[in-house]
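In: Provided below for reference: sequence and predicted model.
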Amino acid sequence: MLSTPIVLDASAFVRAVGAAGEPDDRALGWIDAANEGSTEALAPEVLFAEVANALLGYVRAGDVSLPTAAAILDDLHRLPIRSVALRELAVPAFQLAAIRRLSVYDACYLVLAEQAKATLVTADRALAAAATDVILLD
């Protein structure tokens, strides 16, 4: 039986792979749970662009090589994450962002978590503060 679904944001995935240092065991545990099928992972389509952008920052800073970053992106695309189209999330995310003082990008994760009755997994303190069902990766 599957546990409560999760919505993974870009900060959680970047922490899981250790792009900014050592891999975060808690974040990696959620990725593993999704990979093993013990939980359903969801994310707005913007996850892929946000992770790619974060990795590009690490490449430009010299912290991660381009081939390593590309391999991490390939791994992300192979994960069993149910991607939700931004066209379904943009309007409610816009409204929620205005109310909770978030970016529309971050609000997409929050709207999806609320719609799917899922737990949001994030390392973003501001996003976590706006959520009711959240796991903050410190």
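Out: Arrived safely. Residues are numbered from 1 along each chain as shown.
In: got the residue ranges for the helices in the chain?
Out: 10-17, 25-36, 46-60, 66-78, 86-100, 104-116, 125-130 (DSSP state H).
In: Can you tell me how far the spatially most central residue of the chain is from Ser65?
Out: Of all residues in the chain, the one closest to the mean position by Cα atoms, centre = their mean is Asp9, 1.5 Å from it. Distance of Asp9 to Ser65, given as Cβ to Cβ, to the nearest Å: 24 Å. (Glycine included, C-beta is placed from N, CA and C.)
In: ditto for Ala130
Out: For Ala130 relative to Ser65 (Cβ to Cβ), the value is 35 Å.
In: Looking at these two, which is more packed in?
Out: Counted by other Cβ atoms under 10 Å, Ala130 and Ser65 do not tie: Ala130 has more neighbours, with 21 against 11.
In: which residues sit in contact with the nearest residue to that one once chain neighbours are set aside?
Out: In space, Ala130 comes closest to Arg100 once its chain neighbours are excluded; the distance is 4.5 Å by Cβ to Cβ, 6 or more residues apart in numbering. Counting by Cβ atoms under 8 Å, 6 or more residues apart in numbering, Arg100 touches Ala107, Leu110, Ala130.
In: I'd like these as TSV, with distance to Tyr58 and pLDDT appended.
Out: Below are the contacts of Arg100 laid out as TSV (distance: Cβ to Cβ, whole Å; pLDDT from 0 to 100):
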residue	distance to Tyr58	pLDDT
Ala107	25	97
Leu110	25	97
Ala130	26	95
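In: mind showing which ranges of this structure have poor pLDDT?
Out: Within the chain, the stretches with pLDDT under 70 are 1-2.
In: can you count the residues close to Ala69?
Out: Residues contacting Ala69 under the criterion other Cβ under 10 Å number 21.
In: actually Ala90, sorry about that
Out: Count around Ala90 with other Cβ under 10 Å applied: 16.
In: got a list of what it touches?
Out: Residues near Ala90 by Cβ under 8 Å, 6+ apart: Val104, Cys108.
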